[in-house]
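Asks: The sequence isn't on hand, but the structure is:
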């Protein structure tokens, strides 16, 4: 029997969730278009040029993420999202304008990607820290399961539509559609209205180095949170293969724009499938072992993807990667939010953002360099092996994650409608 997700019974969360579902489709459409455009602007396969997108996305996160976390804890998170979502929409419009005028160059793509990443560095801490203010603690795992469905449904529709739009209309329309999709989140934020959030009772919160250090100290003294962040970083660092997708599609599997779109969507199809199953599970037992097992499956699927020489085997491997990553993401996000006080959530998310965005973005650069010298398949297979080694090391170094059940007393307060 299928149950209606309890998180969606809370009006404010359901509004934000619907807006994100639409917006994420546009964002993933843009990301796929960027990768395809860089490959099209290059005379021959150039993994380094594709890996540069990762560098353009992660450097602003490193520079601004910690400030973004302090801002999310000091200012109204809903208002912060108004500014960040509007900024990202303007970047998408700039990409569309340059592409329509046939004036776009690779350095402009890097620059605009970096500007959008600055907005994202402030957006994610505010957005994730807002979720526990919209649902009670009992529904938080379901809320993150639904968020996973929203993000990965967007990641299915976005790349698939990107291939169709690029082939039928042109690259500029992929960026234009993304710009329009941000309106869904902005309208949802208007409809949500005011959202209360906790403040430190002892002193007035401000954006400062002291506030940032408080976030770091909190993470350093919470092994269960620190271990999930580290395993997230290393797994995604070693197993980042998405920016190699245009080369895999065009030069290894020999498929066109539509096939490229399907390959780019396969990982998210697996993620949505797993999230739908998790959304129907009331209680996840032995969460630590489930989390570690999911990351191990992610590494094994990465190895299979690197060895694939047929389109359908590559699709199957990507499906497995997505399903495993979705399960681990739901569990690790729930662990972090339930074990973090509300007044520290923005800073916790900002530190986590460095780990979970730094891993894949630095991993894209690393994969590009390895692929340049040893070939794309070797870069992917060796990354999957590195992921498995990271799981073994972290589970041994921090045994708390192996024994975590999920029913331990929560430290954080949440709000309900």
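Replies: Structure's in. What do you need? Everything numeric in this text was worked out from a predicted model, so none of it was measured.

Asks: Please count neighbours and contacts with C-alpha atoms only from this point.
Replies: Noted.

Asks: Output the below-cut-off pLDDT ranges for this protein.
Replies: Under the criterion of pLDDT under 70, the regions of the chain flagged as low confidence span 1-2, 43-47, 50-51, 197-208, 240-243, 282-283, 356-358, 361, 364, 406-417.

Asks: Quick check: closest non-adjacent residue to residue 292.
Replies: residue 391 (6.7 Å; CA to CA, 6 or more residues apart in numbering).

Asks: count of neighbours near the one you found?
Replies: The burial count assigned to residue 391 is 22, neighbours taken as other CA atoms under 10 Å.

Asks: now swap in residue 13 and tell me
Replies: Based on other CA under 10 Å, the number of other residues close to residue 13 is 24.

Asks: Next: residue 273.
Replies: Taking other CA under 10 Å as the neighbour definition, residue 273 ends up with a count of 17.

Asks: Could you tell me how far it is located from residue 311?
Replies: The spacing between residue 273 and residue 311, counted by CA to CA, to the nearest Å, is 20 Å.

Asks: just residue 217 next, same as before
Replies: Separation of residue 217 from residue 311 (CA to CA) stands at 47 Å.

Asks: repeat for residue 257
Replies: With CA to CA as the criterion, residue 257 and residue 311 are 13 Å apart.

Asks: go on, residue 231?
Replies: From residue 231 over to residue 311 the distance is 30 Å, taken as CA to CA.

Asks: between those two, who's got more neighbours?
Replies: In this view residue 231 and residue 311 are compared by other CA under 10 Å, and residue 231 has more residues nearby, 23 against 18.

Asks: and that one, what helix or strand is that in?
Replies: helix 223-238 (DSSP states H and E).

Asks: Identify the residues contacting that helix?
Replies: For helix 223-238, the external contacting residues (CA atoms under 8 Å, 6 or more residues apart in numbering) are 219-220, 295, 299, 332, 335-336, 339, 352, 355-364, 367, 382-388, 390-391, 394, 398, 400-401.

Asks: What residues sit buried inside that helix?
Replies: Using 16 or more other CA atoms under 10 Å as the test for burial, helix 223-238 gives 224-238.

Asks: Near the nearest residue to residue 161 once chain neighbours are set aside, how many other residues are there?
Replies: The spatial neighbour of residue 161 that comes closest, neighbours along the chain excluded (CA to CA, 6+ apart), is residue 29 at 6.8 Å. Look at residue 29: counted by other CA under 10 Å, it has 30 neighbours.

Asks: same question, residue 193
Replies: As a burial measure, the neighbour count of residue 193 was computed by other CA under 10 Å and equals 10.

Asks: Please report phi then psi for it.
Replies: Listed backbone geometry of residue 193 is phi 80, psi -160, with angles given as degrees, to the nearest 10.

Asks: still on that earlier bit, tell me how far the residue nearest to residue 292 lies from residue 235.
Replies: Distance of residue 391 to residue 235, given as CA to CA: 8 Å.

Asks: Check the contact lists of these two and give me the overlap.
Replies: residue 295.

Asks: Look at residue 104 and tell me its secondary structure.
Replies: Here residue 104 is recorded as coil under DSSP: H, G, I helix; E, B strand; the rest coil.

Asks: Is it correct that it is in contact with residue 98?
Replies: Yes - between residue 104 and residue 98 a contact is recorded at 5.1 Å, counting by CA atoms under 8 Å.

Asks: Contacts for stretch 182-202, please.
Replies: Outside of stretch 182-202, the residues that reach it under the criterion CA under 8 Å, 6+ apart are 11-12, 15-16, 18-20, 22-23, 26, 73-74, 76, 78, 82, 85-86, 88-89, 133-134, 205, 342-343.

Asks: Which secondary structure state does residue 65 sit in?
Replies: Using three-state DSSP, the secondary structure recorded for residue 65 is helix.

Asks: Which residue ranges of the stretch 301-417 of the chain form helices?
Replies: If you assign secondary structure with DSSP state H, counting those that start in this stretch, the helices in the stretch 301-417 of the chain sit at 311-338, 345-374, 376-397, 400-403.

Asks: swap in the stretch 151-300 of the chain?
Replies: Taking DSSP H, counting those that start in this stretch as the criterion, the stretch 151-300 of the chain carries its helices at 171-192, 209-220, 223-238, 245-247, 257-279, 287-307.

Asks: Give me the buried stretch members for the helix or strand where residue 53 lies, please.
Replies: Counting by DSSP H and E, the element that carries residue 53 is helix 47-74. For helix 47-74, the buried set under the neighbour-count rule, 16+ other CA under 10 Å, comprises 47-62, 64-74.

Asks: How much space separates the residue nearest to residue 292 from residue 328?
Replies: In this structure, residue 391 and residue 328 are 12 Å apart, going by CA to CA.

Asks: measure residue 383 to residue 252 for me?
Replies: Between residue 383 and residue 252 the distance is 18 Å, computed by CA to CA.

Asks: Sorry, wrong one. I was asking about residue 362.
Replies: Here the distance between residue 362 and residue 252 works out to 24 Å (CA to CA).

Asks: Name the residue in the two with the higher neighbour count.
Replies: The neighbour count for residue 362 versus residue 252, taken as other CA under 10 Å, is higher for residue 362 (25 against 16).

Asks: what sits against residue 385?
Replies: For residue 385, the residues meeting the contact criterion (CA under 8 Å, 6+ apart) are 238, 299, 300, 303.

Asks: could you redo the last one with a cut-off of 10 Å?
Replies: For residue 385, the residues meeting the contact criterion (CA atoms under 10 Å, 6 or more residues apart in numbering) are 235, 238, 239, 296, 299, 300, 302, 303.

Asks: my guess is the last one meets residue 376, correct?
Replies: I take that to be residue 303. No - with contacts counted by CA atoms under 10 Å, residue 303 stays clear of residue 376, the gap being 12.0 Å.

Asks: the more surrounded of the two?
Replies: Each of residue 303 and residue 376 has its neighbours counted (other CA under 10 Å); residue 303 has more, 25 against 22.
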